[in-house]
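Peer 1: Return atomic coordinates for the entry below.
(one chain, ligands or ions: 2)
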Amino acid sequence: MATSNLPPHRASFLQTCIEADALKFGTFTLKSGRISPYFFNAGLFNRADLVRSISYAFAHTLALQTPQVDFDILFGPAYKGIPLCATTIDKLAAIDPKRFDKVSYSFNRKEAKTHGEGGNIVGAPLKGKRVVIIDDVITAGTAIREAIEIIKAEGGELVGIVVAFDRLEKTPMFGPDGQQIKGDVDDGKPRPSAIGEVTKEHGVPVFSILTLDDVVEYFKGTGSQEDLKRLEEYREKYKATN
Ligand SMILES: O=P(O)(O)OC[C@H]1O[C@H](OP(=O)(O)OP(=O)(O)O)[C@H](O)[C@@H]1O
Ligand SMILES: O=C(O)c1cc(=O)[nH]c(=O)[nH]1
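Peer 2: Ligands and ions are numbered 1, 2, ... in the order given. As a prediction, this is how the structure comes out:
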């Protein structure tokens, strides 16, 4: 099986994605408006053993790939980033308590709360803190950009980003008014990847546990040829130049 080419923590995460049925074939409208023949649903990591597996994969990715990045807070954008930040800090502390025991989590509310403590941040205040964003998927990069804006507005310093799944897609098109053009539209012009642009613009490392290429390799051995064909056509349409 094609997971054997991956390092152990990534191979076992891919196995868990299959077991959780988190990778689906069909027809899905994405946040960007792109119509995709597949979907990664991190909401299905909802059982104790599956939570353990995804948080372990994140923690390993962070602990192994960011020895040079020190951070105070894992920020998980609502909604799917919320359980990810809360569960991953616990796994990080188990891997290296000296380095990670005092790491906090924080996430945003999609709608600001006007009673009680109020505001739209839950968890550790971001002001003056070094922050890593943790999210499930990056497609066109909109969610990550929104998270970066929140962190900046709260006075935090972005030092890194980690996602479970990089769809390896190009950035969206923008109209003359500077607004993102949403929908299943593309001018066919080459554009860089969402991850590449964020790295370049913000000068921070972006890590992913799995990419679309890993999944294609896996499904080449096991999936339906029709699903694979649609997936490869979509990959060709939205693939990034880097
Ligand atoms: O790179 P992008 O084009 O922004 O797409 C990826 C984002 O889209 C989804 O968030 P969404 O806000 O749709 O959903 P959620 O509330 O389920 O987290 C997903 O969880 C990613 O955060
Ligand atoms: O782009 C998205 O909206 C998106 C893609 C995907 O595979 N999974 C997800 O939760 N959102």
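Peer 1: okay, CA-based contacts and neighbour counts for the rest of this
Peer 2: OK.
Peer 1: If we look just around ligand 1, which residues of this protein are in range?
Peer 2: For the chain, the residues found near ligand 1 under the criterion CA under 6 Å from any ligand atom are 31-32, 78-80, 135-143.
Peer 1: quick one: which helix or strand includes residue 107?
Peer 2: Counting by DSSP states H and E, the element that carries residue 107 is strand 104-113.
Peer 1: Just the residues contacting that strand, thanks.
Peer 2: Applying CA atoms under 8 Å, 6 or more residues apart in numbering, the external contacts of strand 104-113 come out as 72-79, 81-82, 85-86, 89, 118-126.
Peer 1: which helices and strands sit right next to the helix or strand that comes right after it?
Peer 2: As assigned by DSSP H and E, the chain's next helix or strand after strand 104-113 is strand 119-123. Here strand 119-123 is seen to pack against strand 104-113 when contacts are counted using 3 or more CA pairs under 8 Å, 6 or more residues apart in numbering; DSSP states H and E.
Peer 1: Mind listing what's buried along the strand it packs on?
Peer 2: 104-108 (16 or more other CA atoms under 10 Å).
Peer 1: ok, it: who's next to it in the sheet?
Peer 2: According to DSSP bridges, strand 104-113 has the following sheet partners: strand 73-75 (parallel), strand 119-123 (antiparallel).
Peer 1: for those strands, which one ends up most surrounded?
Peer 2: When neighbours are counted by mean count of other CA atoms under 10 Å, the highest per-stretch mean among the strands paired with strand 104-113 falls to strand 73-75, a mean of 29.
Peer 1: what is the rounded mean pLDDT of it?
Peer 2: Confidence over strand 73-75 (mean pLDDT, whole number) is 98.
Peer 1: got it, and stretch 163-180?
Peer 2: Confidence over stretch 163-180 (mean pLDDT, whole number) is 92.
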